[in-house]
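Asks: Fold the following.
(chains A and B, ligands or ions: 2)
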Amino acid sequence: MAEYLIKNGFVFDPVLGIRGDAADIAIKDGKIVETSAVKSPKVIDAAGKTVMAGGVDIHAHVAGPKVNIGRNFRPEDKLFNCKPGHGIERMQGGFSVPTTIRTGYDYAHMGYTTVMEAAMPPLYARHTHEEMRDTPILDQGAYPVFGNNWFVLEYLKNHEIENTAAYIAWLLRATKGYAVKVVNPGGTEAWAWGLNCENIHDPVPYFDITPAQIVKGLIEANEYLGLPHSMHVHANNLGTPGNYQTTLDTFKLSEGIKPNSKFGRDQVMHHTHVQFHSYGGEGFNFESKAPEIMDYVNTHDNITIDLGCVTLDETTTMTADGPFEHHLTELNHLKWANADVELETAAGVVPFVYSANNKANAVQWCIGLELGLLAKDFMRVFLTTDHPNAGPFIRYPRIMKWLMSQEARDQQFDAFKHKDKVIEATNLAGMDRELDLYEIAQMTRAGPAKSLGLAHMYGGLAPGLDGDVAIFDFNPNEPYAPDDIEKAFGNARHLFKSGVQVISDHEIASNGNKRTLWVNAKVNENPQVMRDVKEKFLRYYTVTLNNYEVAGHHYVPNPYVIEVDATQ
Amino acid sequence: MTKTVTDVVCPFCGTLCDDLEVVVSDDGKDLLEVYNACAIGAEKFLHSQAKDRITRPRMRQEDGSWKEISYDEAAEYTARILADAKKPLMYGWSSTNCEAQSIGSEIGEAVGAVMDNTATVCHGTSLIAVQDIGIPSCTLGEVKNRADRILFWGCNPAHAHPRHMSRYSIFPRGFFTGKGHAGRKIIVVDPRVTDTAHVADVHLQIEQGHDYELLDAFRVAFKGEKLPDFVAGIPKEKIYEVAETLKSGRFAIIFFGMGVTQSIGKNHNIDAAIAVTRDLNEYTKAAIMPMRGHYNVTGSGQVWGWQFGFPFAVDLSRGFARYNPGETTSNDLLRRDEVDAVFVLGSDPGAHFPFSSVKKIYNLPSVAIDPHETPTTEVCKVHVPVAFVGVEVGGCAYRMDNVPIETRKVVDAPEGMMTDEEFLKRVFARVKAIKGV
Ligand code: SF4
Ligand SMILES: [Zn+2]
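Replies: Ligands and ions are numbered 1, 2, ... in the order given. Below is the predicted model:
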């Protein structure tokens, strides 16, 4: 493999603690190495440019059944944006739900090299893996959803942590999954009857368990196993005015639980797209509760969050929160797809137009940015849009601009139709904080890598880490306009993935060697769980047990298996 | 000695049963018996064993006779006609695995083909309706475990999807449906007195071609508004009664088929049927599902969805993907003489397309890749026999509810025969060589 020496760039790396000093970064055999370790490297002149590790996305909906519903039922999403292939680059299409090919390329152009698919319905694991397989360049993993799974509901009703853990280990192996995802705990099962769970103590119909029991039990099972990532939750009540209380109640379920993981994370709960969960007030008078939310997050070390920033675009919402999507289609009267999955979960998909002319959307925009600007520790607060829910991932550079520049925020405020009312309902207009690139590198690289338990591979430029390096046309020491940030970070000059140059002078140079990460957790034999599995497949599933497991080269051609030993 | 292979997936219809058992000879060459399958499924397996099966590619001669050619020659011919054409049609894709579909997409991209599947003459109208209004749906296990109101509209599973009723929709006992059939109300809407209608609690014998009116009438009836005395030949009392039955269920599901997708109104019928389902969700839980025919037509729509963004009628000839049913659909292209080569895999347009389209295929450079001799192989210049997917080679297939299942290999293909995937890889290599990429 070629050796590279990236010379003289302004390096921003939280792992090495470099805050924009000029430094050299060397790559050899797919890894970052000491500069002395390369003999005859290809030299990349990065003088006057910004150098960072490859970006890590902890939460995006980029592969699997609901993403593909979004693609197939929105031909309009491809209007005027298709791009012919040339050379090694294949044809691309789609804006808010791009084709898998475009997904890989667009992330690469932003300097991202690892992207986690945030919700995989277990029964559709094959589909999710097929799409990830066809997404070039990126390393990916997928989180199977557990929060409405019948096994989990039945075990946790009686607080059977060991059985829950054994089932999680089994399902991660069967689906080649990465982490424990929870979406609207209990509420999605209720949705199978057209109902919902509206707070953490609202019992799940028939199953006689509360969302609180599900979340707490899954945290405990997750720590029992010592998985790389923590339990990853999207709480009840997403999108509802006044929901910040449910969010705080959900946060509190993590209190008193310590991480048990040899993968270096400090949290036991990751709460995703918190913007959607930080609303006060009622009905049309909804308002920002970002300060209350961030007060909690800032003072509790065992939680990480991602923002879920609204980007003010037309997009396609999609979530395993079935009742929420039904609520949304009633609100905006746009087309609605729903897919309930036997014994496991559900999904809904609805197009949505976030408009600067709409007060509620503008308030949502403020809340996402407030959460970021109120954060104290950027190793625990990550930049996302819950792609494509609050906006497409290609807007990350624009969000960086907003977080880094008050001038850019003011420009956006001026474009709001109901500017005064928006300012009244939020706190953002009074904030003058501007994040720097070191903080951005924490919230897009080192932070998510650590939260995922992947700090030994991703998120930094220390020797021994994967050779994932991005070089941007951005000189932090010279004057710049806010838009220069967006432009530079949306179009990396060079990008290396595992030591392969995948972007050269802004052009795709290689389709890379994408890997699929999954977690193989070993547990003690658990005959009861295996009996329960057999029984449920025999009686309630419509596929046989032997046809459930994802196996075969064509689903996971290049696996990267993380072994966890939870036998004791 | 014989061996029994369990959990075998039936590669025939969109029901995609995965509980078959197949007895094979000890050497894995002969398929002896098939258990659990319906008659058509079993026939599919046993048919693969026909002694007079064609096992080598062949090319049509001037005098109409066939001449055996090698797979290399067949790949060369296929690559040539695709690469030389301005706008080749690559049609079918419904009876093969997703791996073959995926390589086919790459070939299509390289040669600028129009990719179309059997939805074009079947549920394409449903896909268009979904693009208009969405689709509240679910997996078949949700139906089995929860549904107590089952409505079949313009479909006859008793014949087209024989095990659907016993595995998923009418008879099974599930978690919340312990009484099985006794706990469910079955409604059939069909102008014919079908075998499915015979097991229904209510058969609405609708006047042919009046589906849209009756669907709309249900929407009116849900709201308790006034109806004329008869709609589509059904007395209004009956409509109010059925509307009430649907609303009063805990979980209602509508299955629909060709009787409503290809009759007058087409996609507008499906729009209305989905609107009925949306409306029902105001009162209870409801879902709707197309009864997809070929066992993996669904999969080809998925593969193209993630690679190109559209589920059928995908025109790649301009270098990027375009989709415009009516323009980029197979029969429209053939009839307007817009395609200059035809490639068929995993479908039989010779049997299912209008004669005018079939004649066009006959007059063009053409290749049919199919384990069987079919009406399509009869009109094509080259026939490439391949191994049976789901019998002689595995691979991924998507059930009518989009659930992906890995099909199984149960016996070896005859000595020296290629699979779809192997043959397409060879074609792709030749295409790349010809195009110099
Ligand atoms: S119902 Fe369909 S899938 Fe099932 S055995 Fe019969 S033909 Fe095969
Ligand atoms: Zn999400």
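Asks: I'd guessed residue B:1 sits against residue B:24; true?
Replies: No - with contact defined as Cβ atoms under 8 Å, residue B:1 does not reach residue B:24; the gap is 10.6 Å. The way it works is simple: take the backbone N, C-alpha and C, and place the C-beta from them, glycine included.
Asks: was I right about residue A:323 contacting residue A:188?
Replies: Yes - look at residue A:323 against residue A:188 with Cβ under 8 Å: they come within range, at 7.2 Å.
Asks: The two: which is more packed in?
Replies: Neighbours were counted for residue A:323 and for residue A:188 using other Cβ atoms under 10 Å in any protein chain shown; residue A:188 has more, 31 against 25.
Asks: That one in helix, strand or coil?
Replies: Classification of residue A:188 using DSSP: H, G, I helix; E, B strand; the rest coil returns helix.
Asks: Could you find the closest non-adjacent residue to it?
Replies: Excluding the flanking residues, the one nearest residue A:188 by Cβ to Cβ, 6 or more residues apart in numbering or on different chains is residue A:148, at 4.2 Å.
Asks: quick one: the one you found from residue B:234, how far?
Replies: For residue A:148, the distance to residue B:234 (Cβ to Cβ, to the nearest Å) stands at 39 Å.
Asks: who's more crowded, these two?
Replies: residue A:148 (32 against 20).
Asks: Show me what the helix or strand containing residue B:136 pairs with in its sheet, parallel or antiparallel.
Replies: Assigned by DSSP states H and E, residue B:136 belongs to strand B:134-138. If you go by DSSP bridges, strand B:134-138 pairs up with strand A:336-340 (parallel).
Asks: in the strand it pairs with, what counts as buried?
Replies: Buried residues in strand A:336-340, counted by 16 or more other Cβ atoms under 10 Å in any protein chain shown: A:336-340.
Asks: Stretch B:155-169 too?
Replies: Buried, per 16+ other Cβ under 10 Å, within stretch B:155-169: B:155-158, B:160-169.
Asks: on that earlier part again, pretty sure the residue nearest to residue A:188 is touching residue A:347, no?
Replies: No - using Cβ under 8 Å, residue A:148 is not in contact with residue A:347, being 11.2 Å away.
Asks: what residues are shared contacts of those two?
Replies: Counting by Cβ atoms under 8 Å, 6 or more residues apart in numbering or on different chains, the shared contacts of residue A:148 and residue A:347 are residue A:320.
Asks: The closest residue to residue B:434 other than its chain neighbours: how many residues sit nearby?
Replies: If the residues on either side of it in the chain are set aside, residue B:434 comes closest to residue B:83, at 4.5 Å by Cβ to Cβ, 6+ apart. Neighbours of residue B:83 under the rule other Cβ under 10 Å: 20.
Asks: Show me the strands in the stretch 101-250 of chain B, by range?
Replies: B:114-117, B:134-138, B:149-153, B:185-189, B:202-204, B:230-231, B:234-235 (DSSP state E, counting those that start in this stretch).
Asks: Of all those strands, which one is nearest ligand 2?
Replies: Nearest to ligand 2, of all the strands of the stretch 101-250 of chain B, is strand B:134-138, at 19.3 Å by Cβ to the ion.
Asks: Let me see the mean pLDDT of the closest one.
Replies: For strand B:134-138, mean pLDDT is 98.
Asks: ok, and what's touching that strand?
Replies: Residues contacting strand B:134-138 (Cβ under 8 Å, 6+ apart): A:73, A:329, A:334-342, A:346, A:349-350, B:129, B:253, B:274, B:277-278, B:281, B:286-289, B:401.
Asks: what's around residue B:219, how many residues?
Replies: 16.
Asks: Check residue A:257 too.
Replies: For residue A:257, using other Cβ under 10 Å, the count is 18.
Asks: isn't it right up against residue A:300?
Replies: No - with contact defined as Cβ under 8 Å, residue A:257 does not reach residue A:300; the gap is 11.1 Å.
Asks: Just say helix, strand or coil for the nearest residue to residue A:549 once chain neighbours are set aside.
Replies: Distance criterion Cβ to Cβ, 6+ apart; nearest residue to residue A:549, sequence neighbours excluded, is residue A:174 at 4.5 Å. At residue A:174 the chain is in helix, as set by three-state DSSP.
Asks: So residue A:174 sits against residue A:547, correct?
Replies: No - using Cβ under 8 Å, residue A:174 is not in contact with residue A:547; the gap is 10.9 Å.
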